[in-house]
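Q: here's my sequence, what's the structure:
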Amino acid sequence: MHGHGEPSPLEATLRALLYLGSFGLVGAGLFSRWIGPELSRQRPRRLWGLLWAGALLVAGSSLYLAYHVARTLGSPEFFAPYLLQTQQGNYLLLRLGLAALLLALGPGRPAPFQRLLHAGLGLAFLLTLSLTAHAGAKGGLALAADLAHLVASVSWGGGLLALALAWGPSPHTTSAVRRFSALALLAAGLFVGTGLLLATTHAGSVQPATLAQHDYGRTLLVKSALVLLTLGLAAANRWVLLPQVRRRGPAAGLRAVVGLEALLLAGVLVTTGFLATTAPPERHPATLPSPGNPGVEVDAPLPQGRLSGRFQLDNLGLLHLTLELRDGSGNRVTSAPGFTLIALQDGTPPLRLAVPPAPQGSYH
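A: Okay, here's the model as predicted:
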């Protein structure tokens, strides 16, 4: 089913680690090819370390998240069917393959072919993240905005991580800081613009009073506050500290500020993990029924009354369940009991999904 209900700390942590790994995996190659190629040749081991750490975080968090989904479905036995027989599982496997290619490509050199190859692989890798997020179920403009949001955040955050690791008393550090500052300015603008569009798409409004009324909006407000702090620090780097670097060379104080900016971005990652695992305030299916696939109507008499609703697949192949339990007089039953949903398909083990009790008599 699509929709997360109450955010799980484990799922939120795994998603945050996935984003952090993506920063390292894509950011190391971005830094060595566009931001600090001279500095990366002086400190290749540090960038290789960032690349390997990112790849391991991506692989570990993705696979454990799939295992967690399998256990949520009822048994670890569903791990392989989830990976092989669901669209989200297929996207996860594709993500792991692209991560392996990015790792094999290494930090690399700023040759035109390597730049293009790394950009293509990185974009495809980030697309697998968008396709398994809230925007993936919506498609269209929401999916494009989410991908652009990821490109901006990884360019900014990944480049910053690599810069902090490769920092050293070298004239090339000044050149890298100058290039990163220009890139961060563009990335920050794209990040804020796409973030506003996504907030409107998922939450329906960017008004703080409206956002404060639901979990998704409150998490979004926390993320926005951290982003504003990070933007303020980045602005100070750009227009106050960077001119000093150009005059006197890199200083320890600037490195401390860069480290603080990286710490704030880590906070943004944590809140993004919770945001990705919190259901937006939407009660309608992600896609409308099509004439060829209208879903399955449910209408069953029960000893307590009547159960009615619909099963429907969205464009990711995720199951949406909407059910109502009413008594013999047609009134919605309060404190509706929980039950276990069992899906049967030839050639595969049955899938069991526990549906929790519905206080208002409506299951989603």
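Q: now the helices for the stretch 101-250 of the chain?
A: 112-131, 134-138, 140-166, 171-203, 208-211, 215-236, 242-248 (DSSP state H, counting those that start in this stretch).
Q: quick one: mean pLDDT over the second one.
A: Yep, that's helix 134-138 we're talking about. The predicted model gives helix 134-138 an average pLDDT of 77.
Q: check which helices and strands that helix is in contact with.
A: Counting contacts by 3 or more Cβ pairs under 8 Å, 6 or more residues apart in numbering; DSSP states H and E, helix 134-138 packs against helix 140-166, helix 171-203. To be clear about C-beta, it is placed using only N, CA and C from the backbone, and glycine gets the same treatment.
Q: between these, which gets nearest to Leu269?
A: Closest to Leu269 of these, according to Cβ to Cβ: helix 140-166, at 7.5 Å.
Q: ok, which of the helices of the stretch 101-250 of the chain comes nearest Leu98?
A: Closest among the helices of the stretch 101-250 of the chain, using Cβ to Cβ: helix 112-131, at 4.2 Å.
Q: which of the helices and strands packed on helix 134-138 has the highest mean neighbour count?
A: helix 140-166 (a mean of 22; mean count of other Cβ atoms under 10 Å).
Q: which strand or helix spans the residue lying closest to Leu103 once chain neighbours are set aside?
A: The shortest distance from Leu103 to any residue other than its chain neighbours is 4.5 Å, reached at Ala55 (Cβ to Cβ, 6 or more residues apart in numbering). Remark: Ala55 resides in helix 44-73, with elements defined by DSSP states H and E.
Q: give me the angle between that helix and helix 112-131.
A: Counting by axes from the mean of the first three to the mean of the last three Cα atoms, to 10 degrees, helix 44-73 lies at 20 degrees to helix 112-131.
Q: need the least confident one among the helices and strands packed on helix 134-138, by mean pLDDT.
A: helix 171-203 (a mean of 87).
Q: show me what that helix is packed up against.
A: Where contact means 3+ Cβ pairs under 8 Å, 6+ apart, helix 171-203 is packed against helix 37-42, helix 134-138, helix 140-166, helix 208-211, helix 215-236, helix 242-248.
Q: nearest to Ala124, out of these?
A: helix 140-166 (10.3 Å).
Q: now that closest one: how far from the chain's centre is it?
A: Here helix 140-166 is found 11 Å from its chain centre; the criterion is Cα atoms, centre = their mean, to the nearest Å.
Q: for stretch 138-149, same thing?
A: Offset of stretch 138-149 from its chain centre (Cα atoms, centre = their mean): 12 Å.
Q: isn't there a helix covering Glu324?
A: No. Judged by DSSP: H, G, I helix; E, B strand; the rest coil, Glu324 forms no part of a helix; its state is strand.
Q: what pLDDT does it get?
A: Value listed for Glu324 in the pLDDT field: 74.
Q: count of neighbours near it?
A: Using other Cβ atoms under 10 Å, Glu324 has 18 neighbouring residues.
Q: that one against Arg310, yeah?
A: No. At 10.1 Å, Glu324 and Arg310 do not qualify as touching, with contact defined as Cβ atoms under 8 Å.
Q: contacting residues for the nearest residue to Arg46 once chain neighbours are set aside?
A: Once flanking residues are discounted, Arg46 sits nearest to Leu165: 4.6 Å by Cβ to Cβ, 6+ apart. Counting by Cβ atoms under 8 Å, 6 or more residues apart in numbering, Leu165 touches 43, 46-47, 49-50.
Q: buried only: go through those residues for me.
A: For the contacts of Leu165, a burial check counting by 16 or more other Cβ atoms under 10 Å picks out 43, 46-47, 50.
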